[in-house]
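Colleague: Any chance you could fold what I've pasted below:
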Amino acid sequence: MCGIVGYVGTRDAVPVILEGLGRLEYRGYDSAGLAVISHGALEMRRSVGKLVNLAKAVKADPLSGQVGVGHTRWATHGRPSEENAHPHTDCKGRMVVVHNGIIENYLSLKERLQGEGHTFKSETDTEVLAHLIEEQMRGNLFEAVRLALQQVEGSYAIGVVSVDDPGRVVAARRGSPLVAGLGEGECFVASDIPAILQATRRIMFLEDGELCVLSRKGIEIRDDSGKAI
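Modeller: Model (predicted):
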């Protein structure tokens, strides 16, 4: 069990994500991390242990951006370490993913991806998601996520951001809880309501197989075929 938070809006995403993660720390305390899009690049901080260690890392080396995702981890695949902490990136470091759940076929996916030249930096099952999305990326993050998830067996709630499709967070769920929240010029996604309750009371629960796209304009919910709901 892990906790994820995503934000897009006009505020600095970092304090919003940290506060949300603080309300989800019951879901994981082995490590924590966050990433934001800042000046056309991804900035990421990760740390081992409780969330306070991530807060210290951010204070020591600040970052800011208006689109981002965060994660607090309870280790399943891979020991607690900074390398295994989320978010996880693709080969080029242009996209990150946070994940709650278990990818059951990650070993076969990882072997195929490595054979095609992808380089892995962690022991986690989650990292295969980043590389699957990378190979499908053609400038449309939603489509890349949707197509990548068609190859996945297991459970997931994920949040994804990319510098190649800035201004949006794409999230999806199957077998793991995920909620989305609508604010004024900002949107949120999280594993559980308490993470975003301080920011909005306009909350919706995603159903299994659904994906959502968050932007400053609002929330789009689609099914796994891409059809709008």
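Colleague: And the strands in the chain?
Modeller: Using DSSP state E, the strands found in the chain span residues 3-8, 31-38, 41-48, 67-73, 88-89, 95-103, 154-162, 169-174, 179-182, 187-190, 203-205, 211-215, 218-222.
Colleague: could the ones you listed be laid out in TSV, adding mean pLDDT and distance to Arg146?
Modeller: In short, each C-beta sits where N, CA and C put it, glycine included. Listed next are the strands of the chain as TSV, based on pLDDT from 0 to 100; distance: least, Cβ to Cβ, whole Å:
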stretch	mean pLDDT	distance to Arg146
strand 3-8	97	17
strand 31-38	96	21
strand 41-48	96	21
strand 67-73	93	18
strand 88-89	96	19
strand 95-103	96	14
strand 154-162	97	11
strand 169-174	98	8
strand 179-182	98	16
strand 187-190	98	16
strand 203-205	96	19
strand 211-215	98	6
strand 218-222	97	8
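Colleague: For those strands, could you give me CSV that also reports distance to Gln136 and mean neighbour count?
Modeller: Below are these laid out as CSV (distance: least, Cβ to Cβ, whole Å; neighbours: other Cβ atoms under 10 Å):
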stretch, distance to Gln136, mean neighbour count
strand 3-8, 20, 31
strand 31-38, 19, 27
strand 41-48, 18, 19
strand 67-73, 19, 30
strand 88-89, 15, 24
strand 95-103, 11, 26
strand 154-162, 11, 24
strand 169-174, 12, 26
strand 179-182, 23, 22
strand 187-190, 21, 29
strand 203-205, 26, 13
strand 211-215, 13, 23
strand 218-222, 16, 16
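Colleague: could you redo those as CSV and give each row distance to Val16?
Modeller: Formatted as CSV, those follow (distance: least, Cβ to Cβ, whole Å):
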stretch, distance to Val16
strand 3-8, 5
strand 31-38, 10
strand 41-48, 15
strand 67-73, 8
strand 88-89, 21
strand 95-103, 15
strand 154-162, 13
strand 169-174, 12
strand 179-182, 11
strand 187-190, 8
strand 203-205, 15
strand 211-215, 13
strand 218-222, 16
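Colleague: For Glu134, which of the ones you listed is the nearest?
Modeller: strand 95-103 (6.4 Å; Cβ to Cβ).
Colleague: partners of the closest one, with directions?
Modeller: strand 88-89 (antiparallel), strand 154-162 (antiparallel) (DSSP bridges).
Colleague: That one versus strand 41-48: what angle between them?
Modeller: Inter-element angle recorded for strand 95-103 and strand 41-48: 40 degrees (by axes from the mean of the first three to the mean of the last three Cα atoms, to 10 degrees).
Colleague: Can I get strand 95-103 in CSV, CA atoms only?
Modeller: The C-alpha trace of strand 95-103 is given here as CSV (Å, rounded to 0.1, in the frame of the first residue of the first chain):
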residue,chain,number,x,y,z
MET,A,95,8.5,11.8,-17.8
VAL,A,96,7.8,10.5,-14.3
VAL,A,97,5.3,8.1,-12.8
VAL,A,98,4.1,7.3,-9.3
HIS,A,99,2.3,4.1,-8.6
ASN,A,100,0.3,2.2,-5.9
GLY,A,101,-0.3,-1.4,-6.7
ILE,A,102,1.6,-4.4,-8.1
ILE,A,103,2.5,-5.1,-11.7
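Colleague: For Gly22, find the nearest of the strands of the chain.
Modeller: strand 67-73 (8.7 Å).
Colleague: Would you mind naming the residues that bridge with the closest residue to Gly93 other than its chain neighbours?
Modeller: With sequence-adjacent residues excluded and distances taken as Cβ to Cβ, 6 or more residues apart in numbering, Gly93 is closest to Leu42, at 6.1 Å. Leu42 has the following beta-bridge partners by DSSP bridges: Ile37.
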